[in-house]
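Participant: Coordinates for the following, if possible.
(one chain, ligands or ions: 2)
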Amino acid sequence: MNGYDETDIPEPDRLVAPGADGEDTAVEAALRPKDLGEFVGQEKVRQQLDLVLKAAKQRGATADHVLLSGAPGLGKTTLSMIIAAEMGAPIRITSGPAIQHAGDLAAILSSLQEGEVLFLDEIHRMSRPAEEMLYMAMEDFRVDVIVGKGPGATAIPLELPPFTLVGATTRAGLLPPPLRDRFGFTGHMEFYAPEELERVVHRSARLLDVEIDTAGAAEIAGRSRGTPRIANRLLRRVRDYAQVRADGVITREVAGTALQVYEVDARGLDRLDRAVLEALLKLFGGGPVGLSTLAVAVGEERETVEEVAEPFLVREGLLARTPRGRVATPAAWAHLGLVPPQQAGGGPRGQQGLFGA
Ligand SMILES: Nc1ncnc2c1ncn2[C@@H]1O[C@H](COP(=O)(O)OP(=O)(O)OP(=O)(O)O)[C@@H](O)[C@H]1O
Ligand SMILES: [Mg+2]
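Facilitator: Ligands and ions are numbered 1, 2, ... in the order given. This is a model prediction of the structure:
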């Protein structure tokens, strides 16, 4: 399709994957907060959006177009549905990859009702002609429908009712500036703090009718990589364990043991993440080592290591990408309970100097 995209990378089946799997899709609808009040965290975006929506409602107008950017599983789809609910408007859901021809978009736009919310997921993956049509639709609520082919083709202008476009993207940087500029408001979704994820876990547990105590929720939250989707998924797996091996109640111990069974460690690293770190520390003394070498050592593709494992390791401050190769940070040694070579006596081949004395 349109070149490189994160979805092209084969992601091994993992509990801590940020994207949705089939099971997530089935249960997410039930766990989605229905209004801004129920939506946990993202204080900044929530407050900003609250103002945008309230002001539009007071004026009796359609809300400005909204762009939501942020990593997978942080609540963009959820928020788009909340926007529609808060505006008391219907919502139409589609996505960039689903709109390959401008005609597909014209069909959707021309059937919108006044005030309707059009949710365009993965907006950065739309085709070029559709994107250009969208510019005019967003700005002037108008599209030119091309009728016929070749020299006889004519453009018939078509008025659209005012609508609110909510675009979602995991890659705001890939959006062409003219598109970005046409949104009245952009909400940047951040990773969630552990306390916020704890609230997500408590809320989901209530909806799933699972008993969980404060420490149990904190244990799951701490392993969820700042991502509500992962928190909900881990909660479901811990619930299975609690039901089969314990008395159904999720405590710290139950959550900890269950996630050990599923190989998600205290910081949310899974088998692959740990394999990468372990190879880097044990085989290469903490680096620097080239990506290809590291990938061979863990028996994975380069892309898998680079795109699937590394982003979280870098975000956590466990691994650094340097011009000379991958390097473990002191936190990585600590996390795996290993001692860096220089502290162990090092010797001439120790890794002194990389992080100062
Ligand atoms: N702020 C929140 N409070 C409570 N639950 C949340 C929140 N944000 C997300 N969730 C839950 O996390 C799950 C994933 O959220 P959602 O589908 O909205 O993410 P997304 O950003 O659209 O992800 P993707 O980029 O993969 O489309 C949903 O089940 C939702 O209930
Ligand atoms: Mg989504």
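Participant: rest of the way, CA atoms for contacts and neighbours
Facilitator: Fine.
Participant: Let me see the backbone angles for the residue nearest to residue 89 when sequence neighbours are not counted.
Facilitator: Among residues not flanking residue 89 along the chain, residue 116 sits closest, at 5.4 Å (CA to CA, 6 or more residues apart in numbering). Dihedral angles of residue 116 (phi, psi; degrees, to the nearest 10) stand at phi -60, psi 150.
Participant: try residue 182
Facilitator: Backbone geometry at residue 182, expressed as degrees, to the nearest 10, gives phi -90, psi 0.
Participant: Mind pulling up the pLDDT for whichever residue of the stretch 151-300 of the chain sits closest to ligand 1?
Facilitator: Nearest to ligand 1 in the stretch 151-300 of the chain, going by CA to the nearest ligand atom, is residue 229, at a distance of 3.9 Å. Per-residue confidence (pLDDT) for residue 229: 95.
Participant: and if you look at the one 10 residues further on?
Facilitator: The per-residue pLDDT reported for residue 239 equals 96.
Participant: what's the answer for the one 10 residues further on, then?
Facilitator: We note a pLDDT of 94 for residue 249 in this prediction.
Participant: Who are the contact partners of it?
Facilitator: 210-213, 242-243 (CA atoms under 8 Å, 6 or more residues apart in numbering).
Participant: can you list the residues of this protein near ligand 1?
Facilitator: The interface of the chain toward ligand 1, taken as CA under 6 Å from any ligand atom, is made up of 19-20, 28, 31-33, 39-41, 71-78, 200, 228-229.
Participant: In strands only, show me these.
Facilitator: Taking DSSP state E, every one of these sits outside strands.
Participant: Among those residues, which lie within helices?
Facilitator: If you go by DSSP state H, the residues of the chain next to ligand 1 have 28, 31, 76-78, 200, 228-229 in helices.
Participant: Nearest to residue 293, out of these: which one, please.
Facilitator: Of all these, residue 293 sits closest to residue 229, with 32.4 Å by CA to CA.
Participant: That closest one is in contact with residue 17, isn't it?
Facilitator: No. Residue 229 lies out of contact with residue 17 (CA atoms under 8 Å); the separation is 9.0 Å.
Participant: what about the two, which has more around it?
Facilitator: The residue with more neighbours, out of residue 229 and residue 17, is residue 229; 25 against 21, by other CA atoms under 10 Å.
Participant: which non-adjacent residue is nearest the more buried one?
Facilitator: Among residues not flanking residue 229 along the chain, residue 73 sits closest, at 4.9 Å (CA to CA, 6+ apart).
Participant: What about that neighbour, how many residues nearby?
Facilitator: 20.
Participant: Pick out the residue nearest the middle of this structure.
Facilitator: With distances taken as CA atoms, centre = their mean, residue 72 lies nearest the centre of the chain, 1.4 Å away.
Participant: which ones are touching it?
Facilitator: Residues in contact with residue 72 (CA under 8 Å, 6+ apart) are 18-19, 170.
Participant: Just put these in a markdown table and tack on neighbour count and pLDDT.
Facilitator: Below are the contacts of residue 72 laid out as a markdown table (neighbours: other CA atoms under 10 Å; pLDDT from 0 to 100):
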| residue | neighbour count | pLDDT |
| --- | --- | --- |
| 18 | 19 | 89 |
| 19 | 15 | 87 |
| 170 | 20 | 92 |
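Participant: Name the nearest residue to residue 16, ignoring sequence neighbours.
Facilitator: Excluding the flanking residues, the one nearest residue 16 by CA to CA, 6+ apart is residue 230, at 5.9 Å.
Participant: Could you list the domains of this structure?
Facilitator: Domain assignment for the chain, taken from automatic domain parsing, gives 42-188, 194-261, 271-335.
Participant: which one of those domains is the most hemmed in?
Facilitator: domain 194-261 (a mean of 20; mean count of other CA atoms under 10 Å).
Participant: And that one, end to end?
Facilitator: 22 Å (CA to CA, to the nearest Å).
Participant: Tell me how far it lies from the chain's centre.
Facilitator: Its chain's average C-alpha position is 20 Å from that of domain 194-261, according to CA atoms, centre = their mean, to the nearest Å.
Participant: Distance of the residue of the stretch 251-357 of the chain at minimum distance from ligand 1 relative to residue 233?
Facilitator: Nearest to ligand 1 in the stretch 251-357 of the chain, going by CA to the nearest ligand atom, is residue 308, at a distance of 14.6 Å. Between residue 308 and residue 233 the distance is 18 Å, computed by CA to CA.
Participant: Point out the least confident member of the ones in helices among the residues of the chain next to ligand 1, please.
Facilitator: Out of those, that is residue 28, at 84.
Participant: now that we're looking at the residue of the stretch 151-300 of the chain closest to ligand 1, which residues does it contact?
Facilitator: Shown in contact with residue 229 (CA under 8 Å, 6+ apart): 18, 20, 24, 73-74.
Participant: can you check residue 182 too?
Facilitator: Taking CA under 8 Å, 6+ apart as the definition, contacts of residue 182 comprise 65, 135, 138-139.
Participant: rerun at 10 Å
Facilitator: Listed by CA atoms under 10 Å, 6 or more residues apart in numbering, the contact set of residue 182 reads 64-67, 134-136, 138-139.
Participant: Quick one: those residues as TSV, columns for pLDDT too.
Facilitator: Formatted as TSV, those follow (pLDDT from 0 to 100):
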residue	pLDDT
64	95
65	97
66	97
67	97
134	94
135	93
136	93
138	96
139	94
